[in-house]
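**Student:** With the sequence up front, the predicted model follows.
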Amino acid sequence: MDADDRSKMDGLEVEACTRCPALVESRSRIVDGTGPPDADVLFVGEGPGKREDAEGEPFVGRSGGVLDEQLRTVGLERESVRITNCVRCRPPENRDPTGEELEHCRDYLEAEIDQVDPDVIVTLGKVPSEHLLGRSVAVTSEAGSVETVRIDGTPRRVLVCLHPAATLYDRSQESTFAETIAEAAAIAGVSPDDAGGQSRLGEY
Ligand code: URA
């Protein structure tokens, strides 16, 4: 994408996008990312589910509850991190977004990454991990690994993480999820002692 196109784009708020006919049909609204536009940690999920579509915010359902709890445990408040998705519209019946839909939404995600310029991008699950790393990823065995990849020309640190829902299906995954979130906090220079006392990472 050239600089002119980029200046016309705002990955933080997307208006009236009609690139994916099936998603235009299935969505109630576009669900943009939330959190500080200069957060040190950016979480990227797959796409909005039913609750997110209804409320207009990523990760507000059961998966969001798991994520919030773990964030608190490591001293990262939800309000201090940015949370977004690979696609901003709910796929019908919660199916995975298609490759074409992921590509349609990619420049919004890249614009958001550019603007937020995080220390680390945490990919929640297989879809965002493969989308940003550009290769197949075995999330269960690779969770906790950090890889630097170029995203829209800039090297970015990507930390592979389980999707929070994985811990709901399989409790034995809880510790891996918790360790990866702790790793994200460590990269951002936040310790569990900061829990409750901090609202914005950038102030530390
Ligand atoms: N799962 C996701 O991948 N994203 C959300 O926003 C909610 C659940």
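**Tutor:** Nice, I can see it.
**Student:** outside of the host helix or strand of Glu112, which residues touch it?
**Tutor:** Using DSSP states H and E, Glu112 falls within helix 99-116. With contact meaning C-beta atoms under 8 Å, 6 or more residues apart in numbering, helix 99-116 is reached by 1, 5-6, 9-12, 14, 17, 19-20, 22-23, 33, 37-39, 42, 44, 82, 84, 86-88, 91, 97, 121, 127, 131, 151-152, 154, 156. Heads up, the C-betas are built off the backbone N, CA and C, glycines and all.
**Student:** what's the angle from the helix or strand that comes right after that helix to helix 99-116?
**Tutor:** Next helix or strand after helix 99-116 toward the C-terminus (DSSP H and E): strand 120-124. Computed by axes from the mean of the first three to the mean of the last three C-alpha atoms, to 10 degrees, the angle separating strand 120-124 from helix 99-116 equals 150 degrees.
**Student:** what does strand 120-124 rub up against?
**Tutor:** 40-46, 67, 113, 129, 131-133, 146, 151, 156-164, 180-181, 184, 187-188.
**Student:** May I have the helix holding Glu112 as PDB, with CA atoms only?
**Tutor:** Provided in PDB are the C-alpha atoms of helix 99-116 (Å, rounded to 0.1, in the frame of the first residue of the first chain):
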ATOM      1  CA  GLY A  99      -8.800 -16.400   3.100                       C
ATOM      2  CA  GLU A 100     -10.400 -13.700   1.000                       C
ATOM      3  CA  GLU A 101     -12.200 -12.100   3.900                       C
ATOM      4  CA  LEU A 102      -8.900 -12.100   5.900                       C
ATOM      5  CA  GLU A 103      -7.200 -10.400   2.900                       C
ATOM      6  CA  HIS A 104     -10.100  -7.800   2.600                       C
ATOM      7  CA  CYS A 105      -9.600  -6.800   6.200                       C
ATOM      8  CA  ARG A 106      -5.800  -7.000   6.200                       C
ATOM      9  CA  ASP A 107      -5.100  -3.400   5.400                       C
ATOM     10  CA  TYR A 108      -7.300  -2.200   8.300                       C
ATOM     11  CA  LEU A 109      -5.300  -4.500  10.600                       C
ATOM     12  CA  GLU A 110      -2.000  -3.300   9.200                       C
ATOM     13  CA  ALA A 111      -3.100   0.300   9.600                       C
ATOM     14  CA  GLU A 112      -4.000  -0.400  13.200                       C
ATOM     15  CA  ILE A 113      -0.700  -2.100  13.900                       C
ATOM     16  CA  ASP A 114       1.100   0.900  12.300                       C
ATOM     17  CA  GLN A 115      -0.800   3.400  14.400                       C
ATOM     18  CA  VAL A 116      -0.500   1.500  17.700                       C
END
